[in-house]
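Novice: Task: produce atomic coordinates for the following.
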Amino acid sequence: MNYISTRGGIAPVPFDQAVMMGLARDGGLLLPQTLPTIDPVLLNAWQTLSYQHLALEVLSLFTGDMPRADLDDLIDRAYSSFRHPQVTPLRQVGGLHILELFHGPTLAFKDVALQLLGNLFEYELKKSGGFMNIIGATSGDTGSAAICGVRGRKGINIFILHPHGRTSPIQALQMTTVTDANVFNIAVRGTFDDAQAIVKTLFNDLDFRDTHHLGAVNSINWARVLAQVVYYIFAYLKLRKSGFESVDFSVPTGNFGDIFAGYVAKRLLPKGCIKRLILAANANDILARFVNQGDYSIAGAVVPTSSPSMDIQIASNFERYLYYLFNEDSDRVKAEMEHFAATGRMDLSGCLEEVRRDFAARAVSEEETIATIRQVYEEHGYLLDPHTAVGVKAAQELKQDRPVVCLATAHPAKFGDAVKKAIGKDVELPPALAGLSTLESRCEVMDADAELIRSYLQQHALL
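Specialist: I've put the predicted structure just below:
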């Protein structure tokens, strides 16, 4: 299995190089040269597999020459830190199914991918004897999950940028109270989009990138998306075992990474297994406008919401979907992305018929988010975090005559203020979060300036 760029500017590379490259060297995103398909006969056998064994089967389709025993070991170690034996358990709540993705060490869905990615980085560096400086941007949960995945690891320094004052207090503490010598937290005065633009700027400076051996933990890294594909197939197989042949998924998303993993799963499985992906957006609705109107354009400033991990206007992984929407025409992808960079707008209204074969979308207001947390708690005794509530509301509005799996992307205690507003009482903090406010905290607050960040990284990077 080799990997190519969405913009067509690199020669195909094997999986191990794709993991370490992160962002393609032509500025595009890496994708498999061809997507495999899963034989329907395999599905019956896979229904009885544990999450870890299913991950081994799915990832093996993409990892090329990596010894199966090595991959098996990386997967087992990645998920040994999860608090639920099924890793991502599926629960029925009223007329919906909730896929709980928050049982990892930082209580967010990013752990599913980043515990594995940390092990992959360590594995590849051990083979090469090299080092890397990871730089990533986070709207909230990626940062703590990435830090947890690589803290204290030899040969890795990690630099995480988050928007100052725009994450939940607990999200910020989960990052800044990790004071290992190889961890560097930077709060930028700006938005997640500003932080993400800085990361891409540094990656696109190829001399700087090569000198400092930059590594990517954001979902621009294909391994992040690949690890998330597994839980879609896991949830589908659970429902298939109960007699359902087709399901929908409702996905709260701002960066298009999690829902793109669902799109990949949809293409891997036999036709009709995953019928539709419901894209749930908050007030920052660029992706919902794309699905509903064909309008992918920046509309004013980023709006702060109670679901801060979705407070994004420019969705990094959207480029990967464009590659398939444009029938794998990398020249057209490159042209459209360059036009968007120059104008902040992309007219895709001519593609709506194809888009709607795979997606439906709903933008959910702040009032609806809080009301949904309250309603589900009062009716079912189940507590949602605000991101999950966005997905549940969209599912309630767009549900058809088949099961809908709603992705629960974070533990509600990570967003205690929003949950308290909804149900009128504090959320009990789980052990992983209790006491964070009493710990030593370390963070640099800096302007959202790529040259300032470059200078800081140069001072603290491994060389």
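Novice: counting contacts, what elements does the host helix or strand of residue 332 pack onto?
Specialist: Residue 332 belongs to helix 330-343 when assigned by DSSP states H and E. On a contact count with 3 or more CB pairs under 8 Å, 6 or more residues apart in numbering; DSSP states H and E, helix 330-343 meets helix 318-325, strand 345-347. Where you see a C-beta, it was placed from the backbone N, CA and C, and this is true even at glycine.
Novice: so that helix versus helix 318-325, what angle?
Specialist: 140 degrees (axes from the mean of the first three to the mean of the last three CA atoms, to 10 degrees).
Novice: follow-up on the earlier one: among the helices and strands packed on helix 330-343, which is nearest residue 385?
Specialist: For residue 385, the closest of those is helix 318-325, at 24.0 Å, according to CB to CB.
Novice: what is the rounded mean pLDDT of that closest one?
Specialist: The predicted model gives helix 318-325 an average pLDDT of 98.
Novice: again with stretch 290-308
Specialist: Stretch 290-308 comes out at a mean pLDDT of 93.
Novice: Kindly format the C-alpha coordinates of that stretch as PDB.
Specialist: Extracted as PDB, the C-alpha positions of stretch 290-308 are listed here (Å, rounded to 0.1, in the frame of the first residue of the first chain):
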ATOM      1  CA  PHE A 290     -21.300  23.000   1.900                       C
ATOM      2  CA  VAL A 291     -23.600  20.000   2.200                       C
ATOM      3  CA  ASN A 292     -26.900  22.000   2.100                       C
ATOM      4  CA  GLN A 293     -26.000  24.700  -0.400                       C
ATOM      5  CA  GLY A 294     -22.700  23.800  -2.100                       C
ATOM      6  CA  ASP A 295     -21.200  26.900  -0.400                       C
ATOM      7  CA  TYR A 296     -17.800  26.300   1.100                       C
ATOM      8  CA  SER A 297     -16.800  29.800   2.200                       C
ATOM      9  CA  ILE A 298     -15.600  31.700   5.200                       C
ATOM     10  CA  ALA A 299     -18.400  33.700   6.700                       C
ATOM     11  CA  GLY A 300     -17.000  36.200   9.100                       C
ATOM     12  CA  ALA A 301     -15.100  35.500  12.300                       C
ATOM     13  CA  VAL A 302     -15.100  32.300  14.200                       C
ATOM     14  CA  VAL A 303     -17.900  32.300  16.800                       C
ATOM     15  CA  PRO A 304     -17.000  31.000  20.300                       C
ATOM     16  CA  THR A 305     -19.500  28.300  21.400                       C
ATOM     17  CA  SER A 306     -19.900  25.800  24.200                       C
ATOM     18  CA  SER A 307     -18.500  23.200  21.700                       C
ATOM     19  CA  PRO A 308     -15.100  24.800  21.200                       C
END
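Novice: which of the residues in that stretch are buried?
Specialist: 290-292, 294-298, 302, 305-308 (16 or more other CB atoms under 10 Å).
Novice: can you check stretch 419-429 too?
Specialist: 419, 421-423, 427, 429.
Novice: returning to that earlier point: got the helices and strands packed on helix 330-343 as JSON lines, with mean neighbour count and distance to residue 437 columns?
Specialist: Listed next are the helices and strands packed on helix 330-343 as JSON lines, based on neighbours: other CB atoms under 10 Å; distance: least, CB to CB, whole Å:
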{"stretch": "helix 318-325", "mean neighbour count": "22", "distance to residue 437": "36"}
{"stretch": "strand 345-347", "mean neighbour count": "14", "distance to residue 437": "43"}
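Novice: Now tabulate the ones you listed in CSV and tack on distance to residue 165.
Specialist: CSV is the format used below for those (distance: least, CB to CB, whole Å):
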stretch, distance to residue 165
helix 318-325, 26
strand 345-347, 29
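Novice: Residue 57: which of these is closest?
Specialist: Comparing the helices and strands packed on helix 330-343 by CB to CB, helix 318-325 comes nearest, at 22.7 Å.
Novice: how many other residues sit next to residue 75?
Specialist: Neighbour count of residue 75, defined by other CB atoms under 10 Å: 22.
Novice: Which residue ranges of the stretch 201-350 of the chain form helices?
Specialist: All helices of the stretch 201-350 of the chain, identified by DSSP state H, counting those that start in this stretch, fall at 206-212, 222-241, 257-268, 286-293, 318-325, 330-343.
Novice: nearest to residue 184, of those?
Specialist: Using CB to CB, these put helix 206-212 closest to residue 184, at 12.9 Å.
Novice: So for the helix or strand that contains residue 59, what gets flagged as buried?
Specialist: In this assignment (DSSP H and E), residue 59 forms part of helix 51-60. By 16+ other CB under 10 Å, the buried positions in helix 51-60 come out as 51-52, 54-59.
Novice: Adding pLDDT and distance to residue 446, write those out as a markdown table.
Specialist: A markdown table is the format used below for the buried residues of helix 51-60 (pLDDT from 0 to 100; distance: CB to CB, whole Å):
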| residue | pLDDT | distance to residue 446 |
| --- | --- | --- |
| 51 | 98 | 39 |
| 52 | 98 | 40 |
| 54 | 98 | 42 |
| 55 | 98 | 37 |
| 56 | 98 | 41 |
| 57 | 97 | 44 |
| 58 | 98 | 39 |
| 59 | 98 | 37 |
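Novice: Nearest to residue 87 among those residues?
Specialist: Closest to residue 87, out of all of the buried residues of helix 51-60 and judged by CB to CB, is residue 51, at 3.9 Å.
Novice: How about the contacts made by residue 379?
Specialist: Applying CB atoms under 8 Å, 6 or more residues apart in numbering to residue 379 gives the contacts residue 94.
Novice: if I look at residue 150, how far off is residue 251?
Specialist: According to CB to CB, to the nearest Å, residue 150 stands 26 Å off from residue 251.
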